[in-house]
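Novice: Okay, here's the prediction I keep looking at, along with the sequence it came from:
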Amino acid sequence: MQHHPQNISILILDDDISITKGLQHFLSNLLQYHVTSYTHPGEALNALKKSTPDILICDLHLPEIDGITFIKMLKDLPGKQPEIIIITGHGEKENAIECLRLGAIDFLEKPFSLETLKISIGRVIQFILSKEITSSAVNKVSIQGRQAGLQPIEMIGKSRAIEHIRGLIGKIAKTNDTSVLITGETGTGKEVIARQIHFLSHRKTHPFYAKNCATVPESLFESEFFGHVKGSFTNAVSDHKGWFEVANESTLFLDEISTLPLAMQPKLLRVLEEKNLNRMGSSTNIPLNVRVIAASNTNLQELCVENKFRMDLYYRLNIFSIHIPPLRDRMEDIPGLFDYFVTQAAVKHQKEPVVLPKEMYDMLIGYPFPGNVRELKNIAERLIILCDESQNPADILSAIILPNNNPLPLTTSNGKSITQQEVELIISALKKSDNVVARAARLLQITEQSLLRRIKKYRIDFPA
């Protein structure tokens, strides 16, 4: 998302007409922003009541009222508020800081250069952009869900893979209780997808429940999943509801389903098939209306072949499947995600948003992200924590990711280079698929876009 200068509106308020005219000429004629200027606070306030500019540049010294009072009056106006840049005189830093507390985003001390003003406006536009990214994520969820007090789910990305997943989510959310299996590497956002399905379904008025199967000891599986009654085993001092009963009428997300002990899988399958359960120590049937969404970062089909996962349970869970490609195969999603995470982190740590130069995005796109979206989020938060006015954000980012960006070994045990082996695999897949890129990508278990990128990178000719 980019802002063309003509789409940015700026209002200047300064009682010195030579300053307002000079700034208006620079911002309007040279930088192509839409600019209006006023020398009297009353006139500016009337204009702000009629329409709100994106940015207000306001002098602290004004006739009749000072800039601090003007900002307070502005905050009392209903509706959207402009982002504020304060102009201060020498020795007025304390007043400028008070304006920042009232919501101003930057201040410039006189005399300042036009280049300094240009950079400040760029910083404010970046902040506006970050807020719009956040707002966009919020607006993707239903109004009904927000009125019910539920939290929206961030589904950010413009890649074909993410657009495809959005379409799948929209389709499956409309169904009643169809089981869903979400696959993808660790950190790709499988729980985010599960929450999105829940939030867009008719079950959204109930809480979303997420449980990690890897954390459940085998001896406690039946009690944790299906509950127990008092006295059913040693230390069962009271009745206990299991996850399925707690999540009745709602959605139950079972993460790392591949870690479920083999001996426990038939019991889970029976409950899914019969849609009722008995607590341990009880013969009373409890009807269930639960949608189960399972997730795995390992290939369940391979586990079935190895007899480490029941084939019948796999097919019961995999009625509808969604695969999330790794972040390295959808690099175009990185800028939007990073902007969003930076904004989140700035709010969380009560820090000002940072200006993100273009080279930062180039640096991120060149990084392989073994930890996927989770790693990108962590990098954004570390950047915000470490960043201050005296440092270039790009230098901080470089220090964060470069130590983790260790090169792969140039050769493998068979003496072939990594690149050579990759090229051979691609050529083999193209031959098997009669040069149909989509089919070859499926054979290689990567996205079509990722395959095309590798073909171009290695200058691979389609085999005859």
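Specialist: Great, that's in hand.
Novice: Going by C-alpha atoms from here, please, whenever you check contacts or count neighbours.
Specialist: OK.
Novice: can you list the domains in this protein?
Specialist: Listed by automatic domain parsing, the domain ranges of the chain are 5-138, 148-325, 329-404, 418-458.
Novice: which SS class is the residue lying farthest from the centre of the chain?
Specialist: When each C-alpha in the chain is compared with the mean C-alpha position (C-alpha atoms, centre = their mean), residue 64 comes out farthest, at 46.6 Å. The assignment at residue 64 comes out as coil when based on DSSP: H, G, I helix; E, B strand; the rest coil.
Novice: In three-state terms, label residue 58 for me.
Specialist: Reduced to three states by three-state DSSP, residue 58 is strand.
Novice: what bridges to it?
Specialist: residue 13, residue 86 (DSSP bridges).
Novice: Could you tell me how many residues sit around it?
Specialist: 25 (other C-alpha atoms under 10 Å).
Novice: ditto for residue 452
Specialist: Taking other C-alpha under 10 Å as the neighbour definition, residue 452 ends up with a count of 14.
Novice: contact partners of the helix or strand that contains it?
Specialist: Residue 452 belongs to helix 448-458 when assigned by DSSP states H and E. By C-alpha atoms under 8 Å, 6 or more residues apart in numbering, the residues outside helix 448-458 that reach it are 329, 330, 423, 426, 437, 438, 441, 442, 461.
Novice: now the domains of the chain as TSV including mean pLDDT?
Specialist: Conversion of these to TSV gives the following (pLDDT from 0 to 100):
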stretch	mean pLDDT
domain 5-138	82
domain 148-325	88
domain 329-404	82
domain 418-458	77
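Novice: What residues does residue 337 make contact with?
Specialist: Contacts of residue 337 by C-alpha under 8 Å, 6+ apart are 156, 157.
Novice: do the same with residue 232
Specialist: By C-alpha under 8 Å, 6+ apart, the residues touching residue 232 are 280, 281.
Novice: Now do the same for it: helix, strand or coil?
Specialist: Strictly by three-state DSSP, residue 232 counts as coil.
Novice: I'd like to know how far it sits from residue 266.
Specialist: According to C-alpha to C-alpha, to the nearest Å, residue 232 stands 21 Å off from residue 266.
Novice: Name the nearest residue to residue 27, ignoring sequence neighbours.
Specialist: Excluding the flanking residues, the one nearest residue 27 by C-alpha to C-alpha, 6 or more residues apart in numbering is residue 33, at 5.7 Å.
Novice: same deal with residue 209?
Specialist: Distances taken as C-alpha to C-alpha, 6+ apart put residue 252 closest to residue 209, at 5.0 Å, once the chain neighbours are dropped.
Novice: on that earlier part again, what's the most distant pair in the contacts of helix 448-458?
Specialist: Spanning the widest gap among these are 330 and 461, at 23.3 Å by C-alpha to C-alpha.
Novice: Compare these two (neighbour count), which wins?
Specialist: More neighbours surround residue 330 than the other of residue 330 and residue 461, with 19 against 10 (other C-alpha under 10 Å).
Novice: Burial check on the nearest residue to that one once chain neighbours are set aside, number of neighbours?
Specialist: Of all residues not flanking residue 330 in the chain, residue 159 sits nearest, at 6.1 Å (C-alpha to C-alpha, 6+ apart). Other residues near residue 159 come to 16 when the count uses other C-alpha under 10 Å.
Novice: now swap in the one 5 residues further on and tell me
Specialist: Here the count is done by other C-alpha under 10 Å, and residue 164 has 12 residues near it.
Novice: what separates it from residue 236, distance-wise?
Specialist: For residue 164, the distance to residue 236 (C-alpha to C-alpha) stands at 47 Å.
Novice: and if you look at residue 253?
Specialist: Counting by C-alpha to C-alpha, the gap between residue 253 and residue 236 amounts to 26 Å.
Novice: Looking at the two, which is more packed in?
Specialist: Here residue 253 and residue 236 are set side by side on neighbour count (other C-alpha under 10 Å), and the busier one is residue 253, at 26 against 13.
Novice: Show the contacting residues for the residue lying closest to residue 229 once chain neighbours are set aside.
Specialist: Leaving aside its sequence neighbours, residue 229 sits nearest to residue 239 (C-alpha to C-alpha, 6+ apart; 4.2 Å). Contacts for residue 239 (C-alpha under 8 Å, 6+ apart) come out as 227, 228, 229, 230.
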